[in-house]
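> Give me a 3D structure for the following:
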Amino acid sequence: MATILHKIKAYLYDNVLTKDNPNDFIARTTSERSLSVQQICLSAANRGGADISASAMEHATELFLKEMAYQLCDGYSINTGYFTASTTIRGVFDSPSETFNKDKHNIIFQFNQGEKLRAEISNIEVEILGVAEASAVILQVTDVKSGSVNDLLTPGRNLKIAGSKIKVAGNDPFIGVFFVNTTNDVRTMVEESDMVTNNPSEVMVVIPNLSAGTYRLEIVTQFAQGALLKEPRTATLDKLLTVV
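Prediction:
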């Protein structure tokens, strides 16, 4: 019998991604926060078992990741045991003689769990905390141009947002769909004319002309079943999105 070393907590949300069963749910983990390389190295040094300092481990990790990125850019696949990574080309080629066109084709890096990480699953206990409060939630986004899910953004192209109670509605001047730059907290709002679809379970927008970087996606709305809410509420995607 596996020894339980870890615990993950999760709430249940309406599964708006399936249409055949209106009564099913999906679980969403309650993530405490995102950890940086520096924080992970400090944790390893503080918990014990690391035979080098946190700063030395951080330096070595950054060197490794930099070299890994270099090799991925040359088309090599990576297998660390804990995860695999590969370079993939997305998009359709209309003839055998067609060459790569950055306007219709995309290069993306794909990561998947490896055997060593998969072996840790048996050491995790999952605690379901019940059905989440009936608030707005963003469950998944798809960059239509690249097909990327919860990852990439292609400015000027469509982003499909799936969730619950995410329809943009209300009279507050600050409601809308926002991309928040994680470096400087600048908020870029989607113009009303760039709202393609605006439903409670799906919103589709044209991605603004964002500069390269990472972004939080937020939807601020007063939508509710029945009357509008007195105050806006904010739904935030629990993944960061990247413009390359």
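
> So which residues of this protein form helices?
Under the criterion DSSP state H, the chain contains helices at 37-47, 54-73, 115-119.

> of all the ones you listed, which lies closest to residue 26?
Ranking these by proximity to residue 26 (CB to CB) places helix 115-119 first, at 20.9 Å. Just so you know, the C-beta spots here come from the backbone N, C-alpha and C atoms, and that holds for glycine as well.

> ok, now which ones touch residue 4?
Contacts of residue 4 were listed using CB atoms under 8 Å, 6 or more residues apart in numbering, and they are 123, 124, 125.

> where's it relative to residue 212, distance?
If you measure residue 4 against residue 212 using CB to CB, to the nearest Å, the figure is 42 Å.

> again, but for residue 127
Here residue 127 is placed at a distance of 39 Å from residue 212 (CB to CB).

> try residue 153
To residue 212, residue 153 is 10 Å away according to CB to CB.

> Pick out whichever of the two has more residues nearby.
When neighbours are counted by other CB atoms under 10 Å, residue 153 comes out ahead of the other of residue 153 and residue 212, with 24 against 9.

> which ones are touching the more buried one?
Residue 153 makes contacts with 143, 159, 179, 207, 210, 215, 241, 242, 243, as judged by CB under 8 Å, 6+ apart.

> Then residue 182?
When contacts are counted by CB under 8 Å, 6+ apart, residue 182 touches 213, 214, 215, 216, 240.

> ok, back up a step: are there residues contacting both of residue 153 and residue 212? Which ones?
Counting by CB under 8 Å, 6+ apart, the shared contacts of residue 153 and residue 212 are residue 243.
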